[in-house]
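A.B. asks: I would like the atomic coordinates for the input below:
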Amino acid sequence: MFTTTLTQPKSGILPLDLFAAIADLKTELNAVILAHYYQDPDIQDIADFIGDSLQLARAAANTKADVIVFAGVHFMAETAKILNPDKLVLLPDINAGCSLADSCPPQEFAKFKDAHPDHLVISYINCSAQIKAMSDIICTSSNAVKIVQQIPQEQPIIFAPDRNLGRYVMEQTGREMLLWQGSCIVHETFSEKKIVQLKITHPHAEAIAHPECETSVLRHASYIGSTAALLNYCQTSPSQEFIVATEPGIIHQMQKLAPDKHFIPAPPQSDCNCNECPFMRLNTLEKLYLAMKNRTPEITLPEEIRIAALRPMQRMLEMSK
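C.D. replies: Numbers count the residues shown, from 1 in each chain. Below you'll find the predicted structure:
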């Protein structure tokens, strides 16, 4: 086992204009801010690059900055460190974890893998560095189908950790795979019943969904894709109204890029804000500023884990071209 540096940014007096202060720190540190689509709108607006997991991995691999400030969750910042061992990688809130990554404990997965020694391991990027280190290839929701299609038919596959994405990939490729039974708390919370009700009250709305959603939700979607694919689709589709079954942070970008269209977040089963990722939302503009000011929390990895995790990451980037 290993741990990441757990020191939270020291508190202090915040500047009146956080946007300007962050811009000054970016210049001082030669820093780049990478943000996922599920982040708070203010963070999206201050970021140098916004993307889904594949886009952010590519951005992290290509950056010339000395400091990477990753406005996302822990496994994303780890990915940046895997690709950039000599750079300072900061995560605004060290507790910004991931329910999907947590659903695949390394010790249990190691036993699962050992029980199937003839299987190739393809792991969704939403997993810890330790799981990546035990994998043969990493994938994202953007490229999972493309990667599986490149594997010889006779090669058995373990797909981890998301069972819903794995099931979707199996349907798209016709490949049988052994699925680890992990899931995302956000993408499992959408209510099929409420989505059907929304489609009745908004008969011209298209339902679009992320493949991490359960099959009961996906069956009502006219388009299924990664966050980046959903963003692109809503711009090109002639529809003027969309029911969006993924974390609603993406709607900020959808509204910016298609301001004449209407976006409805898919509702959760209960009357809560459970369709928002509680881990993604731990990051705030204030924490981002303090992380840059104090150079902490820093993401660190043992070199043997980093090197082992780097190989399947590099293979993914090669197979995604």
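
A.B. asks: which elements pack onto the longest helix anywhere in the chain?
C.D. replies: As assigned by DSSP state H, the longest helix anywhere in the chain is helix 303-319. Contacts defined by 3 or more C-beta pairs under 8 Å, 6 or more residues apart in numbering; DSSP states H and E place helix 303-319 against helix 53-62, helix 74-83, helix 129-133, strand 137-139, helix 144-149. (Each C-beta comes from the backbone N, C-alpha and C, glycine too.)

A.B. asks: hey, which of the ones you listed is tucked in deepest?
C.D. replies: strand 137-139 (a mean of 27; mean count of other C-beta atoms under 10 Å).

A.B. asks: centre of the chain versus it, how much separation?
C.D. replies: How far strand 137-139 lies from its chain's middle: 14 Å, per C-alpha atoms, centre = their mean, to the nearest Å.

A.B. asks: name the strands paired with it and say parallel or antiparallel.
C.D. replies: Within its sheet, strand 137-139 is paired with strand 120-124 (parallel), according to DSSP bridges.

A.B. asks: neighbouring contacts of the partner strand?
C.D. replies: With contact meaning C-beta atoms under 8 Å, 6 or more residues apart in numbering, strand 120-124 is reached by 100, 113, 131-132, 134-141, 144, 147-148, 151, 155-162, 165, 177, 312.

A.B. asks: tell me how the chain divides into domains.
C.D. replies: 18-98+281-300, 100-184+309-319, 192-265 (the TED database).

A.B. asks: picking that back up, please produce JSON lines containing the helices and strands packed on helix 303-319, extended by mean pLDDT.
C.D. replies: Formatted as JSON lines, those follow (pLDDT from 0 to 100):
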{"stretch": "helix 53-62", "mean pLDDT": "90"}
{"stretch": "helix 74-83", "mean pLDDT": "95"}
{"stretch": "helix 129-133", "mean pLDDT": "98"}
{"stretch": "strand 137-139", "mean pLDDT": "97"}
{"stretch": "helix 144-149", "mean pLDDT": "97"}
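
A.B. asks: now render those as TSV, adding distance to His36.
C.D. replies: Output for those, formatted as TSV (distance: least, C-beta to C-beta, whole Å):
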stretch	distance to His36
helix 53-62	7
helix 74-83	7
helix 129-133	18
strand 137-139	16
helix 144-149	17
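
A.B. asks: to Pro302, which of these lies closest?
C.D. replies: Smallest distance to Pro302 across the helices and strands packed on helix 303-319 (C-beta to C-beta): 8.9 Å, for helix 129-133.

A.B. asks: check which helices and strands that closest one sits against.
C.D. replies: Against helix 129-133 (3+ C-beta pairs under 8 Å, 6+ apart) you get helix 74-83, helix 106-114, helix 303-319.

A.B. asks: returning to that earlier point: nearest to Cys274, of the domains of the chain?
C.D. replies: Of the domains of the chain, nearest to Cys274 by C-beta to C-beta is domain 192-265, at 10.6 Å.

A.B. asks: returning to what we had before: how about the helices and strands packed on helix 303-319, which one is nearest Phe279?
C.D. replies: It is, among those and with distance given as C-beta to C-beta, helix 74-83, at 8.0 Å.

A.B. asks: tell me what angle the closest one forms with helix 303-319.
C.D. replies: 90 degrees (axes from the mean of the first three to the mean of the last three C-alpha atoms, to 10 degrees).

A.B. asks: contacts for helix 74-83, please.
C.D. replies: 4, 34, 36, 53, 56-57, 60-61, 68, 70, 87, 89-91, 94, 96-98, 101, 125-129, 132, 279, 299-301, 306, 309-310, 313.

A.B. asks: export it to PDB, keeping only CA atoms.
C.D. replies: The C-alpha coordinates for helix 74-83 follow below in PDB (Å, rounded to 0.1, in the frame of the first residue of the first chain):
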ATOM      1  CA  HIS A  74      -7.800  11.600  -7.300                       C
ATOM      2  CA  PHE A  75      -7.300   9.000 -10.000                       C
ATOM      3  CA  MET A  76      -7.100  11.700 -12.600                       C
ATOM      4  CA  ALA A  77      -4.300  13.500 -10.700                       C
ATOM      5  CA  GLU A  78      -2.600  10.200 -10.300                       C
ATOM      6  CA  THR A  79      -2.800   9.700 -14.100                       C
ATOM      7  CA  ALA A  80      -1.100  13.100 -14.600                       C
ATOM      8  CA  LYS A  81       1.700  12.100 -12.200                       C
ATOM      9  CA  ILE A  82       2.100   8.700 -13.900                       C
ATOM     10  CA  LEU A  83       2.700  10.600 -17.200                       C
END
